[in-house]
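A.B. asks: What follows is a predicted structure for the sequence shown.
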Amino acid sequence: MSLWLKNFILLILMLAASGLALALRPTEKMAAQNQAIDLEAIIPAKFGDWRQDTTPSLQMVDPQQQELIEKIYTQTLNRTYSNASGYRIMLAIAYGDNQRDAMQMHYPEICYPAQGFALQAKEKGTLPTSNGSIPVTRILTSLGARNEPVTYWTTIGDQVFQGGIQKKLAELSYGLSGKIPDGMLIRISSIDPGAANAYEVQAQFAEQMLHALKPGYRKKLNGNLPLD
């Protein structure tokens, strides 16, 4: 086979691969097919034992590089809630209508240390709810005397995932069907010297919050989990 013919065949293969990649490129946003997301309206200001607390005495940890965050996420919500005993929970939700590979979520174990917190521990776990168990990540952070345990979970489309591999697989699955998935990061934290107590209260908060949501929006936050 001549060199010219080899190069010609190689060119044809490259063009075919480029055409296939273009054909498989997802173009349809899942967000356009589902209920519109308005975090301020979706998440109630009061539910169960909890009421929104507007007292400006707690400083919430926000992701650094706001310009980057605005590129990754379409909406963010930051609220503090308190119950009758005065225990306070900080809720942060970030939603993005385009969660392809180029739009990486900004995880708490990255944004907390970036703002001076020490990352003391990290573990994977589950959050039992009346609509199924949500796979979550728990981290323990501290800044001076401030001890802040954190529970968070993430969704891609209608799936909850833990870790980069699961996220990549979910993106690939949606991409092969021509869909661009949306996604959320739900973070619950509290200032508490006892991590075990904090995680227990955070679990109660999450269950009551999810229970208060309309079914369609609950599915967006809990990943459409089957009942246990």
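C.D. replies: Cool, got the structure.
A.B. asks: list the contacts for residue 137?
C.D. replies: 108, 109, 122, 123, 124, 125, 151, 152, 153, 162 (CB atoms under 8 Å, 6 or more residues apart in numbering). Backbone N, C-alpha and C define where each C-beta goes, glycine included.
A.B. asks: Closest to residue 134 out of those?
C.D. replies: Residue 134 lies nearest to residue 153 out of the contacts of residue 137, by CB to CB, at 5.4 Å.
A.B. asks: for the closest one, phi and psi?
C.D. replies: phi -150, psi 160 (degrees, to the nearest 10).
A.B. asks: Could you give the number of residues near it?
C.D. replies: 23 (other CB atoms under 10 Å).
A.B. asks: now residue 81
C.D. replies: Neighbours of residue 81 using other CB under 10 Å come to 25.
A.B. asks: What of residue 123?
C.D. replies: Neighbour number of residue 123 under other CB under 10 Å is 10.
A.B. asks: Tell me which residues touch it, please.
C.D. replies: Contacts for residue 123 were tallied using CB under 8 Å, 6+ apart; they are 137, 138, 139.
A.B. asks: re the thing from before, list buried residues within the contacts of residue 137.
C.D. replies: 108, 151, 152, 153, 162 (16 or more other CB atoms under 10 Å).
A.B. asks: who's in contact with the fourth one?
C.D. replies: For residue 153, the set of contacting residues under the criterion of CB under 8 Å, 6+ apart consists of 127, 134, 135, 136, 137, 160, 162, 185, 186, 223.
A.B. asks: what about the residue nearest to it when sequence neighbours are not counted, which helix or strand?
C.D. replies: Residue nearest to residue 153 in three dimensions, not counting chain neighbours: residue 136, with 4.5 Å by CB to CB, 6 or more residues apart in numbering. Assigned by DSSP states H and E, residue 136 belongs to strand 132-143.
A.B. asks: neighbouring strands for that strand, and are they parallel or not?
C.D. replies: strand 118-129 (antiparallel), strand 146-156 (antiparallel) (DSSP bridges).
A.B. asks: Quick one, which of the contacts of residue 153 are buried?
C.D. replies: 127, 134, 135, 136, 137, 160, 162, 185, 186, 223.
A.B. asks: which one of those residues sits closest to residue 89?
C.D. replies: residue 186 (12.2 Å).
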